[in-house]
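let me see the structure of the following:
(2 chains)
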Number of protein chains: 2
Amino acid sequence: MPDMGRLLAEDLVRDVPDFPKPGILFKDITPVVQNHAALKEVVQLLAEWARPKQVDAVVGIEARGFIFGAPIALELGVGFVPLRKLGKLPYNRVAEEYALEYGTNTVEMHADSVQPGQNIIIIDDLLATGGTAAAAARLVERLGGRVAGFGFLIELEFLEGRKVLSPYDVHALIRYP
Amino acid sequence: MPDMGRLLAEDLVRDVPDFPKPGILFKDITPVVQNHAALKEVVQLLAEWARPKQVDAVVGIEARGFIFGAPIALELGVGFVPLRKLGKLPYNRVAEEYALEYGTNTVEMHADSVQPGQNIIIIDDLLATGGTAAAAARLVERLGGRVAGFGFLIELEFLEGRKVLSPYDVHALIRYP
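Predicted coordinates for the structure are as follows:
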């Protein structure tokens, strides 16, 4: 018998060794989104978590964050804001840099995508070191928004991204110690 | 009085001159997705178009195609398949190259993402020359799927992408001559 507390999505996450480089065990979420029931489960659970927050908009982190973020926005009755890699957004932008293992990366949002005083949740598929998510929060706050929390399908607890995002509310449906 | 035949989304598409390079008038769809009613309108209209096709899965083209494709898959009661740029998908893949103005580009799908005999629709935000969409169709067919049609928010008719995708069913909500 299936464990009633276990998510369908958890059974579908696929471990891919040595991607994107040797020694990394990649959590592949494509089998989750390819399964209608699992995709629906993830969207509904993250929307349930977000609903009491009176969210004004959902920010999704490029690219897998779009797959969950847009349906969550529709479920919550609000708009969807894409956070993108450097050079992808065409209009007036704000940018934030964050550190990688080697070098830096930059993410951008449109300057008119968040209004002062709005309650924002930030969605991505996976929380690793938290660098991108923290940069997303800085962008939202530079635009005058309030970060009401971060929602993830997966959290890699051993990378301690949750500490980087403290004291924000961080919610992950599946946590790997 | 508003024209009842006109989409809310059409009023929200933003023209950005000289992006990504001089001489290009870029159609920015972020104001559409940031507006809940407009995002919902686009998803529902494309889902209505697709519903009679008995679709088994929705393929979305990275990255803006994810924003519309995932909600359309949820609306249709099927799974979502991401088509990604080279090197982004971790598992066993099939790849197709297509021509750009200068050089080539490559897109990939997971080899297990479409099953033989499945009816597939391919979703993106915008139809320009049709190169990416045609490569997506070749990938679906290499995996044994049947392309039931292409759905776009926007079609740039002067680039004649529709010809490249002939004889497939091509549906666009907003067409610029």
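
now the nearest residue to A:Ala137 once chain neighbours are set aside: which helix or strand?
Excluding the flanking residues, the one nearest A:Ala137 by C-beta to C-beta, 6 or more residues apart in numbering or on different chains is A:Val147, at 4.7 Å. Glycine gets a C-beta too; all of them are placed from N, C-alpha and C. For A:Val147, the host element (DSSP states H and E) is strand A:146-156.

ok, that strand: who's next to it in the sheet?
Using DSSP bridges, strand A:146-156 pairs in its sheet with strand A:119-127 (parallel), strand A:170-176 (parallel).

of those strands, give the one that comes closest to B:Arg175.
strand A:119-127 (31.7 Å; C-beta to C-beta).

now do the buried residues in that closest one.
A:Asn119, A:Ile120, A:Ile121, A:Ile122, A:Ile123, A:Asp124, A:Asp125, A:Leu126, A:Leu127 (16 or more other C-beta atoms under 10 Å in any protein chain shown).

which pair in those residues has the greatest spatial separation?
So, the buried residues of strand A:119-127 by C-beta to C-beta: farthest apart are A:Asn119 and A:Leu126, at 23.3 Å.

mind putting the buried residues of strand A:119-127 into a markdown table with pLDDT?
Shown next, in a markdown table, are these (pLDDT from 0 to 100):
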| residue | pLDDT |
| --- | --- |
| A:Asn119 | 98 |
| A:Ile120 | 98 |
| A:Ile121 | 98 |
| A:Ile122 | 99 |
| A:Ile123 | 99 |
| A:Asp124 | 98 |
| A:Asp125 | 98 |
| A:Leu126 | 98 |
| A:Leu127 | 98 |
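
now do the lengthiest helix in chain A: everything it contacts.
Criterion DSSP state H: the longest helix present in chain A is helix A:36-50. With C-beta atoms under 8 Å, 6 or more residues apart in numbering or on different chains as the test, helix A:36-50 has contacts from A:7-9, A:12, A:31-33, A:58, A:67-68, A:71-72, A:75-76, A:121, A:123, A:148-149, A:151, A:153, A:171, A:173, B:70, B:73-74, B:77-80.

distance from the next helix-or-strand element following the strand holding A:Val147 to the middle of the chain?
Going down the chain from strand A:146-156, the next helix or strand is helix A:161-164, by DSSP H and E. Taking C-alpha atoms, centre = their mean, to the nearest Å, one finds the center of helix A:161-164 at 13 Å from the center of the full chain.

in helix A:161-164, which residues are buried?
Buried, per 16+ other C-beta under 10 Å, within helix A:161-164: A:Gly161, A:Arg162, A:Val164.

which neighbouring elements make contact with that helix?
helix A:131-142 (3 or more C-beta pairs under 8 Å, 6 or more residues apart in numbering or on different chains; DSSP states H and E).

swap in 10 Å and give it another go.
strand A:119-127, helix A:131-142, strand A:146-156, strand A:170-176 (3 or more C-beta pairs under 10 Å, 6 or more residues apart in numbering or on different chains; DSSP states H and E).

from those, which stretch is densest packed?
By mean neighbour count, with neighbours taken as mean count of other C-beta atoms under 10 Å in any protein chain shown, strand A:119-127 ranks first of these at a mean of 25.

show me what contacts the residue nearest the centre of chain A?
For chain A, A:Asp124 is the residue whose C-alpha lies nearest the centre (C-alpha atoms, centre = their mean; 1.6 Å). By C-beta atoms under 10 Å, 6 or more residues apart in numbering or on different chains, A:Asp124 lies in contact with A:59-66, A:68-69, A:83, A:132-133, A:136, A:150-154.

next, A:Pro90: secondary structure please.
Under the three-state scheme (DSSP: H, G, I helix; E, B strand; the rest coil), A:Pro90 adopts coil.

that one: neighbour count?
When neighbours are counted by other C-beta atoms under 10 Å in any protein chain shown, A:Pro90 registers 20.

can I assume it is in contact with B:Pro31?
No: with contact defined as C-beta atoms under 10 Å, A:Pro90 does not count as touching B:Pro31 (11.1 Å).

list residues touching both of these two?
A:His110, B:Arg14.

could you list everything A:Val107 pairs with in the sheet?
A:Lys85, A:Glu96.

in chain A, where is pLDDT below threshold?
A:1-4 (pLDDT under 70).

again, only using 50
Where chain A drops to pLDDT under 50, the residues are A:1-2.

thinking again about what came up before, export the helices and strands packed on helix A:161-164 to a markdown table and tack on distance to B:Gln115?
Shown next, in a markdown table, are the helices and strands packed on helix A:161-164 (distance: least, C-beta to C-beta, whole Å):
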| stretch | distance to B:Gln115 |
| --- | --- |
| strand A:119-127 | 23 |
| helix A:131-142 | 33 |
| strand A:146-156 | 24 |
| strand A:170-176 | 26 |
